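>>> pasting the sequence and the predicted model now:
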Amino acid sequence: MDNNKILKRAGSLKVEGNKSKLHAWQDLEKRMDGAPKHRSYKKLVWGTTSVAAAAIVVFILLIVRPTTYQTLAGEKTTITLPDNSLIYLNAGTTLKINTWNWDTKRAVSLDGEAFFVVTPGASFSVESVNGTVKVLGTEFNVYSRQNHYTVDCYSGKVNVTHPRHDQSVNLIANEGVRLNEDNQFTTKYTLNSEHAKSWFAGQFFYESAPLQLVFDEIERQFGYTVKIETDISSRYYSGHFTDENLTTALELVCVPMGINFSIVKEEDDKIIRLH
């Protein structure tokens, strides 16, 4: 500010109390020019450091955060991993992939059903709430939904472990294992070659499977909500259905089980009633 203006302004002001002219002049400068313009160097450095540290934390979280894939009802997809391994996701499945250090730790987390074609290399693991599958290079299918868990090995060799029990099972080509109602691994079984990878082609085969699981799959494949108005809690189904036509699929499941069904479509609501 121009000195003449300051002096003119100062001349019209009174010195308050017992302040000296020097103190009065300093007060005037503060009022004319605002607060001091110089920051503390220590505060500036601390503020810059804090911002940098926060940026590093955010950067690390973004890198470490797994990549997530989700398929909706009636949707299937194929994922190619950094090592060219392939994962085929069935409908209604969530897959999380650890990509930030993939070369040293090939690990994925699964909730749903997926078929894996793993490129040979470092250990590859598929983790879920029901168990962990470890391989080096092979082809296998994992079904993990709620407390139902099945692993089928089509080539190579896999190791399946239970997260809460001291159980470990080795599977070779054409062998499978599942959790039973006591949450224990069953005796290994031989895969049916005619049914192998059938869900890829939209065909779903069952052998003494809980009927609830069958209708859960129909929900996922067709995008309908199944409302069950009859007791099926202790009923099991052996047979199959395809995802080509909803009515045909329901007839294949319901008729041999003596269950009546109706299909209701009202605006956004798509419902199957079982009675």
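That came through fine.
>>> return the distance of stretch 77-84 from the chain's centre.
How far stretch 77-84 lies from its chain's middle: 16 Å, per C-alpha atoms, centre = their mean, to the nearest Å.
>>> now do the buried residues in it.
Neighbour-count burial for stretch 77-84, counted by 16 or more other C-beta atoms under 10 Å, picks out 77, 79, 81. Every C-beta, even on glycine, is put in place using the N, C-alpha and C of the backbone.
>>> any chance of those residues in JSON lines, plus secondary structure?
JSON lines is the format used below for the buried residues of stretch 77-84 (DSSP: H, G, I helix; E, B strand; the rest coil):
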{"residue": "T77", "secondary structure": "strand"}
{"residue": "I79", "secondary structure": "strand"}
{"residue": "L81", "secondary structure": "coil"}
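>>> could those go into a markdown table alongside pLDDT and distance to T230?
What follows is those, written out as a markdown table (pLDDT from 0 to 100; distance: C-beta to C-beta, whole Å):
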| residue | pLDDT | distance to T230 |
| --- | --- | --- |
| T77 | 95 | 34 |
| I79 | 95 | 39 |
| L81 | 92 | 44 |
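>>> packing partners of the strand or helix carrying A107?
Using DSSP states H and E, A107 sits in strand 106-117. Using 3 or more C-beta pairs under 8 Å, 6 or more residues apart in numbering; DSSP states H and E, the elements in contact with strand 106-117 are strand 86-89, strand 94-97, strand 124-127, strand 139-145.
>>> which stretch among those comes nearest T225?
strand 139-145 (16.7 Å; C-beta to C-beta).
>>> what helices or strands is that closest one leaning on?
In terms of contacts (3+ C-beta pairs under 8 Å, 6+ apart), strand 139-145 is packed against strand 106-117, strand 148-155.
>>> hmm, who's touching the longest one?
Strand 106-117 has contacts (C-beta atoms under 8 Å, 6 or more residues apart in numbering) with 66, 71, 81, 83, 85-90, 92-98, 121-129, 135, 138-145, 197, 199-200.
>>> can you do 6 Å?
With C-beta atoms under 6 Å, 6 or more residues apart in numbering as the test, strand 106-117 has contacts from 86-90, 92-98, 122, 124-128, 139-144.
>>> please pick the buried ones from those.
Applying 16+ other C-beta under 10 Å to the contacts of strand 106-117, the neighbour count classes 87-90, 92-93, 95-98, 124-128, 139-144 as buried.
>>> helices of the stretch 101-250 of the chain, start to end?
Under the criterion DSSP state H, counting those that start in this stretch, helices of the stretch 101-250 of the chain are mapped to 211-222, 246-257.
>>> could you dump those helices to a markdown table with distance to I263?
Output for those, formatted as a markdown table (distance: least, C-beta to C-beta, whole Å):
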| stretch | distance to I263 |
| --- | --- |
| helix 211-222 | 10 |
| helix 246-257 | 7 |
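>>> just the ones you listed: most buried one?
Among these, the stretch with the highest mean neighbour count (mean count of other C-beta atoms under 10 Å) is helix 211-222, at a mean of 20.
>>> now it, how far from the chain's geometric center?
Here the centre of helix 211-222 is set off from its chain's centre by 21 Å, with C-alpha atoms, centre = their mean.
>>> same check, this time on stretch 253-262
Remark: stretch 253-262 is offset 34 Å from the chain centroid, using C-alpha atoms, centre = their mean.
>>> ok, now how distant is Y189 from H195?
Distance, Y189 to H195, using C-beta to C-beta, to the nearest Å: 12 Å.
>>> one more: T119?
To H195, T119 is 26 Å away according to C-beta to C-beta.
>>> repeat that for I272.
From I272 to H195 the distance is 25 Å (C-beta to C-beta).
>>> between these two, which is the more surrounded one?
I272 (21 against 15; other C-beta atoms under 10 Å).
>>> right, and that one touches Y224 too?
Yes: proximity of I272 to Y224 meets the contact threshold set by C-beta atoms under 6 Å, at 4.9 Å.
>>> alright, I will stop here.
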